[in-house]
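S.K.: Sequence and predicted structure below; questions after.
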Amino acid sequence: MYSNTTTLPFNESTLSPATDDVIAPCWGYISAAAAVVILGNVVVPIKRFETGDGLYFQLMFSHGALLIGVIVQLFRSEATFYPIVMLGGVVWITANLFMVPIVKAVGMAQGMCVWGICNMLSGWATGRFGLFGIQKEVPDSILLNYGGVIFCITSAVIFSFLKPDIRKAKKADQTTSPTVCAGQYNTFSPINNSTSAMSPSEECLLLPATAKRTEEVTIFVDKLPPIKKKIIGIAMSVVSGVLYGQTYTPSIYVQQAYKHSSQFGMDYAFATMCGLFVGNTFYFSMYCLVMRNIPRVYPRASFPGLVTGLLWGTASSLWFLVNDTLSESVSFPIMTTVPIVINASVGVVFFREIKGRRNLCLLLLGIAVTTAGAVMCALSKHPV
């Protein structure tokens, strides 16, 4: 059901829920715990597979996320579909376009530090100070909330100094990834290879699955001088982080400004996932045009990309409930930093990516600081 309601000023009647769903605060913490565990493992399915420039992976990712949105909508069949909420998904997928250029420009550690901090501050400030038309949310304890945010920022900086060992993962990927077509397709010249009667795609099909790529995928940042590359990489990290932090702003705006709108956050998951899918379809279409209908496709990333989308869609749906019960000013410091701890821990236990006394000491320090910040932010909503 589509809505044609108009926005109203903030008042008691505006904020009255349209459903009988009342969520106890404890469910907010339970949802947060489940969501951070999922987000901390969301990249695990794709760790061993080549994704190239990321556009094909993102396409599969959006399919998985949309599937979760459809499932949620089936259970919440009476939920009103507000097209404006789709902006949240479009904003998220737009931010995600910067990931590959950022990593190539400044590396994963520095990129994650910058976009993680900007993501957290963007979402936190939006809820705390009432930006973009939503209502200001003042924590029960401002001191604990601000202290928690500072601790979370500090933890992100600490994690940026970790130096993971990913050589084994790269070696495994090079010997198993059948993505050689993507790397060689653009360099194939039927004019200079007149003895071959096969098309580029047919020749690629005959290559063994264990073949190594002969050409690494390059993008525009690879051609920049070091200083300019770093400046552009940091700038993209800032923009990406700010955009990530606004994923849930449209749904919160509807909850607060639209009369009789549902106050059950998960009712807006489907619209958000639709926006993500529509936005990604547009970007992939533009990508195909730019690549002259020869996009780089990585078949082995198909199913892992789909699974990653399913995981993210589940965590994102839970995040709606966390925002309902804890507010953005409390949820964002927790939801954007705790997954880093979990992801780093998984890297140590299962992938042996973090080794050495220095790295392990930094990891333990980061975990301690993150835990302290998360606890402070959680208590700032309902201090004991």
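M.R.: Yes, it's here. Numbers count the residues shown, from 1 in each chain.
S.K.: if you go through the stretch 51-200 of the chain in chain order, where are the helices?
M.R.: 55-75, 86-96, 99-106, 108-129, 142-160, 167-176, 180-185, 200-205 (DSSP state H, counting those that start in this stretch).
S.K.: Next, the angle from the fourth one to helix 86-96.
M.R.: Just to be clear, that refers to helix 108-129. If you take axes from the mean of the first three to the mean of the last three CA atoms, to 10 degrees, helix 108-129 sits at 150 degrees to helix 86-96.
S.K.: Point out the other helices and strands that helix 108-129 packs with.
M.R.: helix 99-106, helix 142-160, helix 226-244, helix 328-349 (3 or more CB pairs under 8 Å, 6 or more residues apart in numbering; DSSP states H and E). The C-beta positions use only the backbone N, C-alpha and C, and glycine is treated the same way.
S.K.: re earlier: right, and the helices of the stretch 51-200 of the chain - which one's nearest residue 268?
M.R.: Closest to residue 268 of these, according to CB to CB: helix 86-96, at 7.9 Å.
S.K.: In the chain, where is pLDDT below threshold?
M.R.: 1-24, 108-109, 164-217, 347-354, 382-384 (pLDDT under 70).
S.K.: tell me what the longest helix along it is packed against?
M.R.: In the chain, with assignment by DSSP state H, the single longest helix is helix 302-326. Applying 3+ CB pairs under 8 Å, 6+ apart, one finds that helix 302-326 makes contact with helix 25-40, helix 55-75, helix 269-290, helix 328-349.
S.K.: coming back round to it: which among the helices and strands packed on helix 108-129 is found nearest to residue 266?
M.R.: helix 328-349 (14.2 Å).
S.K.: Which of the residues in that closest one are classified as buried?
M.R.: 328-344, 346-347 (16 or more other CB atoms under 10 Å).
S.K.: neighbours around the nearest residue to residue 42 once chain neighbours are set aside, how many?
M.R.: For residue 42, ignoring the flanking residues on the chain, the nearest one in space by CB to CB, 6 or more residues apart in numbering is residue 311 at 4.7 Å. Residue 311: 21 surrounding residues under other CB atoms under 10 Å.
S.K.: Also the one 4 residues further on?
M.R.: Here the number of neighbours of residue 315 (other CB under 10 Å) works out to 23.
S.K.: try the one 3 residues further on
M.R.: With neighbours defined by other CB under 10 Å, the count for residue 318 comes to 25.
S.K.: from here on, count from 9
M.R.: Taking 9 as the first residue, the last one we looked at is residue 326.
S.K.: ok, it to residue 344 distance?
M.R.: Separation of residue 326 from residue 344 (CB to CB, to the nearest Å): 14 Å.
S.K.: got it, and residue 136?
M.R.: 14 Å.
S.K.: One more: residue 100?
M.R.: 13 Å.
S.K.: Same check on residue 83?
M.R.: Counting by CB to CB, the gap from residue 83 to residue 344 is 27 Å.
S.K.: Kindly report the same for residue 246.
M.R.: Counting by CB to CB, the gap from residue 246 to residue 344 is 15 Å.
S.K.: As a markdown table, the helices of the stretch 59-208 of the chain with mean neighbour count would be great.
M.R.: Formatted as a markdown table, those follow (neighbours: other CB atoms under 10 Å):
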| stretch | mean neighbour count |
| --- | --- |
| helix 63-83 | 21 |
| helix 94-104 | 23 |
| helix 107-114 | 22 |
| helix 116-137 | 22 |
| helix 150-168 | 20 |
| helix 175-184 | 13 |
| helix 188-193 | 20 |
| helix 208-213 | 14 |
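S.K.: Quick one, which of those helices gets closest to residue 293.
M.R.: helix 63-83 (10.2 Å).
S.K.: packing partners for the closest one?
M.R.: Counting by 3+ CB pairs under 8 Å, 6+ apart, helix 63-83 packs on helix 94-104, helix 277-298, helix 310-334.
S.K.: Which elements pack onto the shortest one?
M.R.: Read that as helix 94-104. Looks like helix 94-104 contacts helix 63-83, helix 234-252, helix 257-265, helix 277-298 (3+ CB pairs under 8 Å, 6+ apart).
S.K.: so of these, which one's packed in deepest?
M.R.: When the helices and strands packed on helix 94-104 are scored by mean count of other CB atoms under 10 Å, the highest mean neighbour count falls to helix 257-265 (a mean of 24).
S.K.: what's it in contact with?
M.R.: 15-16, 18, 22-23, 90, 92-96, 134-135, 140-143, 269-271, 273, 276, 279-280, 328, 331, 336 (CB atoms under 8 Å, 6 or more residues apart in numbering).
S.K.: Report the buried members of the residues you listed.
M.R.: Neighbour-count burial (16+ other CB under 10 Å) applied to the contacts of helix 257-265 gives 22, 90, 92-96, 134-135, 142, 269-271, 273, 276, 279-280, 328, 331, 336.
S.K.: in stretch 366-383, what counts as buried?
M.R.: In stretch 366-383, counting by 16+ other CB under 10 Å, buried: 367, 370-371, 374-375, 377-378, 380-382.
S.K.: quick check, distance from it to the centre of its chain.
M.R.: Here stretch 366-383 is found 22 Å from its chain centre; the criterion is CA atoms, centre = their mean, to the nearest Å.
S.K.: sorry, back to before: kindly reformat the helices of the stretch 59-208 of the chain as a markdown table containing distance to residue 240.
M.R.: Below are these laid out as a markdown table (distance: least, CB to CB, whole Å):
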| stretch | distance to residue 240 |
| --- | --- |
| helix 63-83 | 19 |
| helix 94-104 | 16 |
| helix 107-114 | 6 |
| helix 116-137 | 12 |
| helix 150-168 | 18 |
| helix 175-184 | 25 |
| helix 188-193 | 24 |
| helix 208-213 | 32 |
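S.K.: Which among these is found nearest to residue 289?
M.R.: Of all the helices of the stretch 59-208 of the chain, helix 63-83 comes closest under CB to CB, at 7.5 Å.
S.K.: tell me the angle that closest one makes with helix 94-104.
M.R.: Going by the same axes, to 10 degrees, helix 63-83 makes 160 degrees with helix 94-104.
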